[in-house]
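In: Just a sequence and a predicted model for now, questions to come.
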Amino acid sequence: MVVGQFSQDVDILVIGGGPAGYTAAFRCAELGKTVAIVDPNESLGGECLHHACIPSIASLLGNDVGNAVATLSKGLEKRCKILEIERLHGIAHFENKKTVQITGEVVSVVKFRKAIIASGSEPRTDDRFPEAIQVEDVYASNFTGKNILVVGNTPSAAESSTFLMQNNTVTLLSDGDILPMLEKQLVKIATQKISICNKKPEESSFDIVILASHRLPQTNSLQLENANIDIVDGYINTNDTGATSNPKIYAVGECAGCQHSAALAIAQGRVAGESACDLDTHVDSIFVPQVAWTTPEIAQVGTFDDETVSLRWGNSDLAVTLGQHNGITLIGYEKESQAITGIGIVGVGATEMISEGVLALEMGATLYDLATALHPHPTRNELLAECARQALASY
């Protein structure tokens, strides 16, 4: 052991302090394990809290970014103390199947019984735009009167484009369809004011270029080969418990291929934590809500491969009262069984409203179930029932 190096033992070592990582750590500690979580940042939360999800949403809603981040960070640190989770600051890499070396202010070696990798992702690169900035930097900046090029077809690309359009001229360079995971008729409304191009424009005509494509997994520094952990297409390969090719080590979140869904990453973290504590649990990823905080918001769960029915928000008393006509509620269903197969919403509050759709699909709801379920009046959610009644009228 070198000077300044110390060694310790824990039941569970979590690598990464983002939503997937701290969720896993909290769950393991709740189940009575000794837990340490290693992260290079002074406070937990990862990219989601400090640079991506929370700052972007706070900015989009016109709220104080710094206050939101500080309040949430304080809450996470308090939770760590309550659960007696040890915080380790530094960069981790595997020495072998049972130990990790952490390099920070001091060098330490941690021997673990099980480990959970939640190392997240790393900044994007694009050879076409060597001077470009990351989309996460947009919300800490004050761009006004700029000619901006946003590169990507992700929720981050669409969100930043609609945000920046308030005070700038924005062009979105999309390699293929924008938001390809979402229904086109919903996407069309959410992105109708964005100038979209599919061929690289002259970079010199823009003041700022912003990269908003998919981020790459952050795994290079981990030295995964020392722990016999397999990678497939750049991502750590896992099963539905989060276990890797080394059954004592789990991986969750972006490093394991979870893109643009903090909800799924959090679920993976919880399941991996429980699995590492020998509980029989699995990730149910059949109905994962997909959302984009564009203006207006867009949210979807399930599929629309069979029959569909939709209503514009001009049919909602509340939407009309609030001047929120620019929205659609969409239901997908199976003709014979009348089973709901998908729900999509575009409009103000869609990201909250989609939760009823997730529950409907999880519970195997039919058109009749949605049509007869009472909704408060006046609300925009009433359109789900009205939409279902419209579909039933065709039988």
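Out: Yes, it's here. Quick caveat, the model's predicted, so the values are computed rather than measured.
In: And the pLDDT at Glu105?
Out: At Glu105, the model reports a pLDDT of 68.
In: Likewise for the one 3 residues further on?
Out: In the prediction, the pLDDT value recorded for Ser108 is 89.
In: Could you do the one 4 residues further on as well?
Out: Turning to Phe112, the model gives it a pLDDT of 97.
In: ditto for Ser204
Out: The model reports Ser204 with a pLDDT of 87.
In: Distance check, it against Asn198.
Out: Ser204 sits 19 Å away from Asn198 when distances are taken as C-beta to C-beta, to the nearest Å. In short, each C-beta sits where N, CA and C put it, glycine included.
In: In contact with Met165, which residues?
Out: With contacts defined as C-beta atoms under 8 Å, 6 or more residues apart in numbering, the neighbours of Met165 are Lys193, Ile194.
In: related to what we said a few turns ago, so Ser204 and Asn198 - more neighbours on which side?
Out: Counted by other C-beta atoms under 10 Å, Ser204 and Asn198 do not tie: Asn198 has more neighbours, with 12 against 5.
In: Quick check: nearest residue in space to that one, chain neighbours excluded?
Out: Ser174 (6.2 Å; C-beta to C-beta, 6 or more residues apart in numbering).
In: my guess is that neighbour contacts Ala157, does it?
Out: Yes: when contacts are counted by C-beta atoms under 8 Å, Ser174 is listed as touching Ala157 (7.1 Å).
In: who's more crowded, those two?
Out: Of the pair Ser174 and Ala157, Ala157 is the one with more neighbours under other C-beta under 10 Å, namely 28 against 23.
In: three-state assignment of the more buried one?
Out: Ala157 falls in the helix class when you classify it by DSSP: H, G, I helix; E, B strand; the rest coil.
In: tell me the pLDDT at it?
Out: With respect to pLDDT, Ala157 has a value of 96.
In: What sits closest to it if chain neighbours are left out?
Out: Taking C-beta to C-beta, 6+ apart, and ignoring the residues beside it in sequence, Ala157 has Ala212 as its nearest neighbour in space, at 3.7 Å.
In: how close does that neighbour sit to Ala132?
Out: Look at Ala212 and Ala132: by C-beta to C-beta, they are 10 Å apart.
In: Overlap of the contact sets of these two?
Out: Overlap between the neighbourhoods of Ala212 and Ala132 consists of Val151, taking contacts as C-beta under 8 Å, 6+ apart.
In: and the two? which has more neighbours close in?
Out: A count of neighbours by other C-beta under 10 Å puts Ala212 above the other of Ala212 and Ala132, at 26 against 20.
In: Touching, that one and Leu149? I think so.
Out: No: with contact defined as C-beta under 8 Å, Ala212 does not count as touching Leu149 (10.3 Å).
In: For the stretch 151-300 of the chain, give me the ranges with low pLDDT.
Out: For the stretch 151-300 of the chain, no stretch has pLDDT under 70.
In: quick one: the helices in it?
Out: Per DSSP state H, counting those that start in this stretch, the stretch 151-300 of the chain carries helices over the ranges 155-164, 184-190, 262-276.
In: Could you say which one of those helices comes nearest to Asn220?
Out: The closest approach between Asn220 and any of those, judged by C-beta to C-beta, belongs to helix 262-276 at 19.9 Å.
In: what distance separates the closest one from the centre of its chain?
Out: Between the mean C-alpha location of helix 262-276 and the chain-wide mean there is a distance of 13 Å, by C-alpha atoms, centre = their mean, to the nearest Å.
In: same thing with stretch 143-160?
Out: Centroid separation for stretch 143-160 versus its chain: 18 Å, with C-alpha atoms, centre = their mean.
In: Would you mind listing the residues in contact with Leu222?
Out: Going by C-beta under 8 Å, 6+ apart, the list of residues near Leu222 reads Ile15, Ala92, His93, Phe94, Ile117, Ser119.
In: Ok, Ala292 next?
Out: When the contact criterion is C-beta under 8 Å, 6+ apart, the partners of Ala292 are Pro155, Ala158, Glu159, Leu179, Leu182, Ala190, Ile298, Ala299.
In: will you turn these into JSON lines that also has distance to Ile249 and neighbour count?
Out: As requested, the contacts of Ala292 are arranged in JSON lines below (distance: C-beta to C-beta, whole Å; neighbours: other C-beta atoms under 10 Å):
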{"residue": "Pro155", "distance to Ile249": "30", "neighbour count": "23"}
{"residue": "Ala158", "distance to Ile249": "35", "neighbour count": "28"}
{"residue": "Glu159", "distance to Ile249": "34", "neighbour count": "27"}
{"residue": "Leu179", "distance to Ile249": "34", "neighbour count": "23"}
{"residue": "Leu182", "distance to Ile249": "34", "neighbour count": "21"}
{"residue": "Ala190", "distance to Ile249": "39", "neighbour count": "28"}
{"residue": "Ile298", "distance to Ile249": "36", "neighbour count": "30"}
{"residue": "Ala299", "distance to Ile249": "34", "neighbour count": "26"}
